[in-house]
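Enquirer: I'll drop the sequence and a predicted model, then ask my questions.
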Amino acid sequence: MSDPVKEFEPVEGEEVVESRIYVASQWKLMWWRFTKHKMAVASGIVLLLLFLLAIFCEFFSVYDPNTYDSKYSYMPPQRIRFFGGPGPFRPYVYGFTLKLDPETLRKRYVIDTAKVYPVRILARGEAYKLWGLWTVHRRLIGVGEGHLFLLGTDRLGRDLFSRILYGARISMSIGLIGVFLSMVLGVVIGGLSGYVGGILDRVVQRVIEVLRCVPTIPLWMALSAALPAHWPPLRVYFAITLILSFVSWTGLARVVRSKFLSLREEDFVLAARLIGAGKMRIVLRHMVPSFLSYIIASVTLSIPHMILGETSLSFLGIGLRAPIVSWGVLLQEAQNVRTVTVTPWLLIPGLFVIVTVLAYNFLGDGLRDAADPYGQ
Amino acid sequence: MLKFIVKRVLMMLPTLFLISILAFVIIQLPPGDYLTTYIMQLESTGALVDQAKIEELTLRYGLDKPMYVQYLSWVGGIFHGDFGYSFEWSRPVGDLIWNRLGLTLVVSLVTLLFTWVVSFLAGIYSATHQYTLGDYLISTLGFIGLAVPNFMLALILMWFAYSAFGLSIGGLFSPEYGQAPFSLAKLIDLGRHIWIPVIVLGLSGTAGLIRTLRANLLDELDKPYVTTGRAKGLTEKRILYKYPLRVAMIPFVSTVGWSLAGLVSGETIVAVVLNLATTGPLLLRALQNQDMYLAGSFIMMLSVLTVIGTLVSDILLAWVDPRIRAEGAGT
């Protein structure tokens, strides 16, 4: 009795798998395909971590981003050491002593092995308001006395590590909000243009063509340079987001329009129309779900452009401005070769930009492959 | 073919019209009109405000007239080569932009060529050696090219050249050639300097093209006609170059227009970092000082450049791909 069961088991198992595929929803199939794409999954995790850092940047940062002390300007990054310190596996950093080069009169920091500062987890640091709501004193890491500049300091002696985390909040969110705005614009305008057709389609196509002919960065520059200098930071932030999406909705609109044009002729749309479904129902219930996955993929792929756009504008000094910290604003400090050769760590914010952009690209590629029903 | 070209040129006109409106809107964006800024500028430097000059300018640009008249007089001026007046430089805009636009065009075209050559070679290698070390290397480089903002690449290259060779790179000419009239020596000097901006600008475009060419070529190589060719005993080289490559090359031609726009766009910011005497730095300065006729004219002319690029690419495409020619002439 037991033998035949054993014999059939693998076959039954296979059938289970197969029937699982037959009954799985479109989204589940996509999820399965997506998880096969190792690089995309890894990128997704990287992005999640970055978002976590951005959301709780007050907690993860060591100092307030605007705390400055010109005594510590242009400090090189400190290395956390684990061995040979106060105890086994007790991390610590060495302090620095300031030396003046007798010839060039340039400031130089020399590691001072006499100053040992143990690094504490959940240390009491400067008080901060988490999300502007609760006053908290604990930070993830900190040192009791001395200083902890994981990635060095800038011109005014502000901690670069903390500033990068605060910058992550701005740079990552500008990508998301900007892409959301351009998605709304792109889907509505592209959808109308593709579905209604006729004269509206022609006008929209022409406008898109014009916007795509104007070189993006000069146009962004012109628009953001026109923002009044007296605007409060928050308004500038939203204005820049709007400007970024003002140009980039065109790509999405084209995707949506071509999808609408090809789907309009599909049998299932005809069937829905014959049954007597209303226009809105056909669009929302039948057409949109069938290309939503494409939109998600191309939206993901267009976030990097937003982030790079913001970085470029801020780098030029016409994007976000001083009290706001974004990766582009931070890179502004590294604008000439002299700074870069003497203080190369000021380029680290750029590293974050690169990692984020790469992660979005891999994630978008993975999503696109997963969304393609004819892919392997 | 002629019919197609004529039709395509006519289609360009409304685009140009809309672009001119956009440029005009940009000119009008900063608060106050051009003259109030001009007068303020003069007063801040303590210079005397020349009433006659102001009246002349008011008359010339119809600043006391309604908006559409101002627009018409601005556009009308362009046809005579008059782009307006730059108060910052106290010179007509036309005198300032041509030289800069020319250099921008040179840098962009050289970059385009560079992009083509590199991505052509790398794309073919990548597709014919799929999943080898070289393929992975090219793909990785390509991804980095896509992800690194080009101004950062410029900074890193400058830093590298400085720390490794003690060179200070930047600019398009050595100082002694900067203002010199055009000559062969100047051209050679340009050749010595141009490669840095070309690499910086070209990398991301190259990365994109390599990926497209690789994907297209892989698609084509799977098709039955390739198997037929192989069955007939054609050499692998001949099979590759005779048909699949030609089909896979279409994006090279069809994206010229857009990639030109991308190059011009990227060039603006790279030029600021590398201190090139192209449109970028001047445009940025004009925008910061609200020298709007200069800024607007730059944006207008850069866009026109792209429109012409798209036109050329469409004509090339029709020339390469007979299907498009038929479609264009038919409707």
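Expert: That came through, no problem.

Enquirer: At the geometric centre of the chain, which residue sits there?
Expert: The chain I'm using is chain A. A:Met172 (3.8 Å; Cα atoms, centre = their mean).

Enquirer: I was thinking of chain B, sorry if that wasn't clear
Expert: B:Val264 (2.4 Å).

Enquirer: before we move on, back to that, in what helix or strand does the residue nearest to the centre of chain A lie?
Expert: Using DSSP states H and E, A:Met172 maps to helix A:160-196.

Enquirer: which element follows that helix toward the C-terminus?
Expert: Remark: after helix A:160-196, the chain's next helix or strand is helix A:198-213, criterion DSSP H and E.

Enquirer: give me every residue that touches the nearest residue to A:Gly186 once chain neighbours are set aside.
Expert: Counting by Cβ to Cβ, 6 or more residues apart in numbering or on different chains, A:Gly186 lies nearest to A:Leu252, which is 2.9 Å off, once chain neighbours are set aside. Placement of C-beta: from N, CA and C, glycine included. Shown in contact with A:Leu252 (Cβ atoms under 8 Å, 6 or more residues apart in numbering or on different chains): A:Ser182, A:Met183, A:Leu185, A:Gly186, A:Val187, A:Gly190, A:Ile295, A:Ser298, A:Val299, A:Ser302.

Enquirer: Contact residues of the stretch 251-376 of chain A facing chain B?
Expert: Contact residues, the stretch 251-376 of chain A versus chain B (Cβ under 8 Å from any Cβ of the partner chain): A:304, A:308, A:311-312, A:315-318, A:331, A:334-335, A:337, A:340-341, A:344, A:347, A:350, A:353-354, A:357-358, A:361-362.

Enquirer: hmm, back to that, which non-adjacent residue is nearest the residue nearest to the centre of chain A?
Expert: A:Ala54 (4.8 Å).

Enquirer: Tell me the helices and strands packed up against the helix or strand encompassing the one you found.
Expert: Taking DSSP H and E as the criterion, the element that holds A:Ala54 is helix A:38-55. Judged by 3 or more Cβ pairs under 8 Å, 6 or more residues apart in numbering or on different chains; DSSP states H and E, helix A:38-55 is in contact with helix A:26-36, helix A:160-196, helix A:348-371.

Enquirer: Now do it and helix A:160-196, the angle between them.
Expert: Using axes from the mean of the first three to the mean of the last three Cα atoms, to 10 degrees, the direction of helix A:38-55 lies 120 degrees away from that of helix A:160-196.

Enquirer: tilt between helix A:38-55 and helix A:348-371?
Expert: 130 degrees.

Enquirer: Over the next helix or strand after helix A:38-55, what's the mean pLDDT, rounded is fine.
Expert: Toward the C-terminal end, the helix or strand that comes next after helix A:38-55 (DSSP H and E) is helix A:57-60. Averaging pLDDT along helix A:57-60 yields 82.

Enquirer: what's in contact with helix A:57-60?
Expert: A:53, A:128-131, A:136, A:138-140, A:162, A:165-166, A:168-169.

Enquirer: Quick one: end-to-end length of stretch A:129-148, please.
Expert: For stretch A:129-148, the first-to-last residue distance is 21 Å (Cα to Cα, to the nearest Å).

Enquirer: can you list contacts of that stretch?
Expert: With contact meaning Cβ under 8 Å, 6+ apart, stretch A:129-148 is reached by A:56, A:58-62, A:72, A:75, A:78, A:93, A:95, A:115, A:117-128, A:159.

Enquirer: Please report how far B:Leu311 lies from chain A.
Expert: Applying Cβ to the nearest Cβ, to the nearest Å, the value for B:Leu311 to chain A is 10 Å.

Enquirer: Which secondary structure state is assigned to that residue?
Expert: helix (DSSP: H, G, I helix; E, B strand; the rest coil).

Enquirer: ok, it - how many residues close by?
Expert: Residues contacting B:Leu311 under the criterion other Cβ atoms under 10 Å in any protein chain shown number 18.

Enquirer: re earlier: quick check: the residue nearest to the centre of chain B touching B:Val304?
Expert: No - using Cβ atoms under 8 Å, B:Val264 is not in contact with B:Val304, being 10.7 Å away.

Enquirer: can I see the domain layout of the chain?
Expert: I'll assume chain A. If you go by automatic domain parsing, the domain ranges for chain A are A:69-153, A:163-371.

Enquirer: Can you look at chain B instead?
Expert: Split into domains by automatic domain parsing, chain B comes to B:31-82, B:100-330.

Enquirer: In CSV: these, plus distance to B:Pro14 and mean pLDDT.
Expert: Formatted as CSV, these follow (distance: least, Cβ to Cβ, whole Å; pLDDT from 0 to 100):
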stretch, distance to B:Pro14, mean pLDDT
domain B:31-82, 14, 73
domain B:100-330, 11, 81
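
Enquirer: Reformat those as JSON lines; add distance to A:Gly197.
Expert: JSON lines is the format used below for the domains of chain B (distance: least, Cβ to Cβ, whole Å):
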{"stretch": "domain B:31-82", "distance to A:Gly197": "31"}
{"stretch": "domain B:100-330", "distance to A:Gly197": "18"}
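
Enquirer: in the longest helix along chain B, what counts as buried?
Expert: Using DSSP state H, we find that the single longest helix of chain B is helix B:184-221. By neighbour count on 16 or more other Cβ atoms under 10 Å in any protein chain shown, the buried set for helix B:184-221 is B:186, B:189-190, B:193-194, B:196-214, B:216-217, B:220-221.

Enquirer: What is the subsequent helix or strand relative to that helix?
Expert: With DSSP H and E, the next secondary element past helix B:184-221 is helix B:224-232.

Enquirer: elements contacting that next one?
Expert: Applying 3+ Cβ pairs under 8 Å, 6+ apart, we find helix B:224-232 packed against helix B:236-242.

Enquirer: So what touches the helix it packs on?
Expert: The list of residues contacting helix B:236-242 from outside it, by Cβ under 8 Å, 6+ apart, reads B:Ile124, B:Thr128, B:Leu221, B:Val226, B:Gly229, B:Arg230, B:Leu234.
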